[in-house]
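In: Turn this into a model:
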Amino acid sequence: MQSVIGESKHDNTAAKPNPESEDNPGDFSKFPEITLKTQKSLIERGIKHLFPVQYMTFKRIMNNEDLLVRDLTGSGKTLGFCLPIVESLRKDRLFGGGRPLAMILAPTRELALQISKELELLKHTQNEYNVLTVYGGTDIY
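Out: Residues are numbered from 1 along each chain as shown. Got it, this is the predicted structure:
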């Protein structure tokens, strides 16, 4: 099954819900799959709630649905994909087996590095899992 999430039309001048409000659809309390340790880490990074592209896709990704998502630069797409993947693997206790658990393809070196950085930031401990970023023109070791 493939779902398509439409392009978000963010308007910085439009009224937005108060991120601290219980009415905010991105409030962490609405996503029990996100561990408290992850929530704390995100809050320390200044992320106090999920952004629209994140809360509209989180549960679908956790349910292993295929998605095609398009949104503006800076809307939070990278975290929107990385967070549910990591939390799903964490929930299923799949880390630590020494085998690949996910492969994320990116069209550019810059995006590959951005994804790698986000995955590193989502770790609870330095050794929780390994991230290997491979792209053309460099050695992988």
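In: Can you find the helix or strand of the protein with the lowest average pLDDT?
Out: Sorted by mean pLDDT, DSSP states H and E, the helices and strands of the chain end with strand 2-5, the least confident at a mean of 42.
In: Let me see the ranges of the helices in the chain.
Out: With DSSP state H as the definition, the chain shows helices at residue ranges 36-44, 52-62, 77-91, 109-121.
In: of all the ones you listed, which lies closest to residue 139?
Out: Shortest distance between residue 139 and the helices of the chain, using CB to CB, is found for helix 109-121: 14.1 Å. Glycine gets a C-beta too; all of them are placed from N, C-alpha and C.
In: chain center to that closest one: distance?
Out: For helix 109-121, the separation from the chain centroid amounts to 11 Å (computed by CA atoms, centre = their mean, to the nearest Å).
In: pLDDT (mean, whole number) over stretch 42-58?
Out: What stretch 42-58 shows for mean pLDDT is 97.
In: buried sites along it?
Out: If you call a residue buried by 16 or more other CB atoms under 10 Å, then stretch 42-58 has these buried ones: 42, 47, 49, 50, 51, 52, 53, 54, 55, 56, 57, 58.
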